[in-house]
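> Need coordinates for the below:
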Amino acid sequence: MSDTYPCSPRSEIDGLPYFPRMVEKIRLFAAGELHPELHANLGKGMDLWICQFLGVDYETIKELTLAGAPDSEVLAQARAKGTKREEYELAWFRSYILNRGFRDDLSEKLASRIEESGFQDKEGIYSFCDYIDADEGRL
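Numbers count the residues shown, from 1 in each chain. Prediction:
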């Protein structure tokens, strides 16, 4: 096993943040290169929220990804199989994902993670996306 982290949760495709990270995690795990800290949450947390928004299950995304489709094709097929979303729904969801943990029901959990990681004095951690970027050395 390697200790590779996937791209930032802020990475996006066709206006959908986090999706590139989810499919990269799938690929890295299959190749035995995904950082072990990320194994337990495959298909859970933000992965799950993306799947719920698209209206497809994680296994569908995993199958499409491992079949070798590029990110754009995985997303296109997920959208075709899933729930039709309007542009305003994408805008809401985009904000939801990027700001999760900022003054919402997960604020205490984020504060706890920040403290556990010793990031109390680190500037710019307001959401779980910020925290992930800091934890993986991008912030």
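> alpha carbons only for contacts and neighbour counts from here, please
Fine.
> Low-confidence stretches in this structure?
1 (pLDDT under 70).
> if I pick the spatially most central residue of it, what's in contact with it?
Centroid-nearest residue in the chain, with C-alpha atoms, centre = their mean: residue 18, separated by 3.9 Å. Residue 18 makes contacts with 8-12, 46, 50, 97, as judged by C-alpha atoms under 8 Å, 6 or more residues apart in numbering.
> same thing but at 10 Å, please
7-12, 24, 46-47, 49-50, 94, 97-98, 129 (C-alpha atoms under 10 Å, 6 or more residues apart in numbering).
> domains of the protein?
The chain breaks down by automatic domain parsing into domains covering 1-85, 100-139.
> By neighbours, which of the contacts of residue 18 wins?
Each of the contacts of residue 18 was scored for neighbours by other C-alpha atoms under 10 Å, and residue 50 scores highest at 23 neighbours.
> Just the element for it, please.
helix 46-54 (DSSP states H and E).
> And that helix, how far out from the chain middle?
Relative to the chain's own centre, helix 46-54 is displaced by 9 Å; criterion: C-alpha atoms, centre = their mean, to the nearest Å.
> go on, stretch 18-26?
6 Å.
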